[in-house]
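> Structure, please.
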Amino acid sequence: MTNEAAGRVSMLRGDAEEPALLVRRLANTGDAVLYVHGATFPSSLSVGYRFADRSWMDDLAAAGFDIWAFDFAGFGGSDRPREMDDDAHGPPIGCAPDAARQIERVVDHIVATTHRERVSLIAHSWGSIPAGLYATRFPKRVDKICLFAPVVRRDTANLTTANAVGRWRLVTIAQQLARFTEDLPSGHAPVLIEPTLGEWGPAYLASDPDAAARVPPAVKIPAGPAADIAVAWSGTLQYQPENILRPTLVVRGAWDSVSTKADVNWLLSRISARHKLAVTISKGTHLMHLEHSRDGLFAAVRDFLGEDSI
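Numbering: from 1, shown residues only. Predicted coordinates for the structure are as follows:
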């Protein structure tokens, strides 16, 4: 039995210069919602991943939403940019402006398919940067915005420069597990639903057909997201929160060091939307959608998207 949510999977093809993008949909009669994944794993391992036969896509579809997701180029089932076959040294692949163009393509496809004028966005972590860029460029296409553990502007000295991260990165299961657990309070019991990534880890390796041939096995991903985070934490966020005009939810885990309370306060103080809300989920880290606290995350997003008065 697969761990991935059911539904329709298709390839969105553009012109000769544009990568084909894998698009997932759990169709329903409600408002259209698009999930934008984060920096290191695709939609099948995030919004589409099932624990106990239920994924976040399943949860949103059960609430009546027409839920969509896609893989950025270089991730999962989408095309790999040609530069990912080159040496790792070079300009980073898949930075926010390029990623925002991919969101634009998918939203245009959703609008054309559903005949709805607006699409709500759920964006995780780094994905909040291209999603914010898209939302500020095309506010008439956006209904509501849910920023889950967003990366925001900080002033941090001596960070790696954007160009120093290279074109692409390799990520092992061990590196993912270390990253997923680093914010857990000392001595606290595991909060991951799969504490050792027993099934998620092999599924992650399977998202890259060449992963098993590497020593150790590792997934190759674009380095653009890491470059964007370095830029943001060095003082430059690639979109202007002041230009976010649509109702916005910012949700984070109480133990998240990537998206802190100070980060959320900074972001909300600058977003211009008349309706904006912050929610903190207890006993959650940056990866709440893979943790036991996911029910609180799901409920906060579901309730916000379902509000008729905003």
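
> From now on I want contacts and neighbour counts done on CA atoms only, so please keep to that.
Noted.

> Just the residues contacting the helix ranked longest in the chain, thanks.
Ranked by residue count, the top helix of the chain under DSSP state H comes out as helix 96-114. By C-alpha atoms under 8 Å, 6 or more residues apart in numbering, the residues outside helix 96-114 that reach it are 12, 23, 32, 34, 36, 70, 72, 116-119, 129-131, 133-134, 141, 224-225, 228, 238.

> Repeat that for stretch 255-262.
Residues contacting stretch 255-262 (C-alpha under 8 Å, 6+ apart): 125, 149-152, 183-185, 252, 254, 282-286.

> repeat for stretch 7-23
Against stretch 7-23 from outside (C-alpha under 8 Å, 6+ apart): 24-27, 68-73, 76-81, 106.

> Kindly export it (C-alpha atoms) in PDB.
Provided in PDB are the C-alpha atoms of stretch 7-23 (Å, rounded to 0.1, in the frame of the first residue of the first chain):
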ATOM      1  CA  GLY A   7      -5.900  11.500  -6.600                       C
ATOM      2  CA  ARG A   8      -4.900  12.500 -10.100                       C
ATOM      3  CA  VAL A   9      -1.300  13.000 -11.100                       C
ATOM      4  CA  SER A  10      -0.400  14.700 -14.400                       C
ATOM      5  CA  MET A  11       2.400  16.500 -16.100                       C
ATOM      6  CA  LEU A  12       2.100  20.200 -16.800                       C
ATOM      7  CA  ARG A  13       4.200  21.000 -19.900                       C
ATOM      8  CA  GLY A  14       5.200  24.400 -21.100                       C
ATOM      9  CA  ASP A  15       7.300  25.600 -24.000                       C
ATOM     10  CA  ALA A  16      10.700  24.200 -24.900                       C
ATOM     11  CA  GLU A  17      12.400  26.400 -22.300                       C
ATOM     12  CA  GLU A  18      10.100  25.500 -19.400                       C
ATOM     13  CA  PRO A  19      10.400  22.300 -17.300                       C
ATOM     14  CA  ALA A  20       7.500  19.900 -17.200                       C
ATOM     15  CA  LEU A  21       6.000  20.000 -13.700                       C
ATOM     16  CA  LEU A  22       4.300  17.100 -11.900                       C
ATOM     17  CA  VAL A  23       0.900  18.200 -10.600                       C
END
